[in-house]
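Asks: Mind looking at a prediction? Sequence and model below.
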Amino acid sequence: MVNNQSSSDALFEDLVTQYGESLMRLAYTYVKNRQVAEDIVQDVFLKAFEKQHDFRGIEL
């Protein structure tokens, strides 16, 4: 039996791996400061982590 928390953590880790670099480039494009861009990306992932249980899937 897989722990629901650990599967959620693994999924989130995959999202960070998949989108982290792209988000960093996008943030840097706007702020032109690496440290500020890193803070922005961290805030984005923190908010996504906090709200992951509210996500209902993609509605088209």
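Replies: Okay, I see it. Numbering: from 1, shown residues only.
Asks: Tyr28 and Gln35 touch, don't they?
Replies: No: using CB atoms under 8 Å, Tyr28 is not in contact with Gln35, being 10.1 Å away. For the C-beta atoms, the positions are set from N, CA and C on the backbone; glycine is no exception.
Asks: Looking at those two, which has the bigger crowd around it?
Replies: Applying other CB atoms under 10 Å to Tyr28 and Gln35 shows that Tyr28 carries more neighbours, namely 16 against 8.
Asks: Residue ranges in the chain under the pLDDT threshold?
Replies: Within the chain, the stretches with pLDDT under 70 are 1-4, 59-60.
Asks: Toward the C-terminus, what is the element adjacent to the longest helix along it?
Replies: Across the chain, the longest stretch assigned as helix under DSSP state H is helix 4-31. Using DSSP states H and E, the helix or strand that follows helix 4-31 in sequence is helix 34-51.
Asks: so what does that next one touch, helix or strand wise?
Replies: If you count contacts as 3 or more CB pairs under 8 Å, 6 or more residues apart in numbering; DSSP states H and E, helix 34-51 packs onto helix 4-31.
Asks: What is the helix it packs on packed up against?
Replies: Helices and strands touching helix 4-31, by 3+ CB pairs under 8 Å, 6+ apart, are helix 34-51.
Asks: The helix it packs on: which residues count as buried?
Replies: Residues 37, 40-41, 44-45 are the ones in helix 34-51 that count as buried (16 or more other CB atoms under 10 Å).
Asks: could I get these as JSON lines with distance to Leu23?
Replies: What follows is the buried residues of helix 34-51, written out as JSON lines (distance: CB to CB, whole Å):
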{"residue": "Ala37", "distance to Leu23": "9"}
{"residue": "Ile40", "distance to Leu23": "8"}
{"residue": "Val41", "distance to Leu23": "5"}
{"residue": "Val44", "distance to Leu23": "6"}
{"residue": "Phe45", "distance to Leu23": "8"}
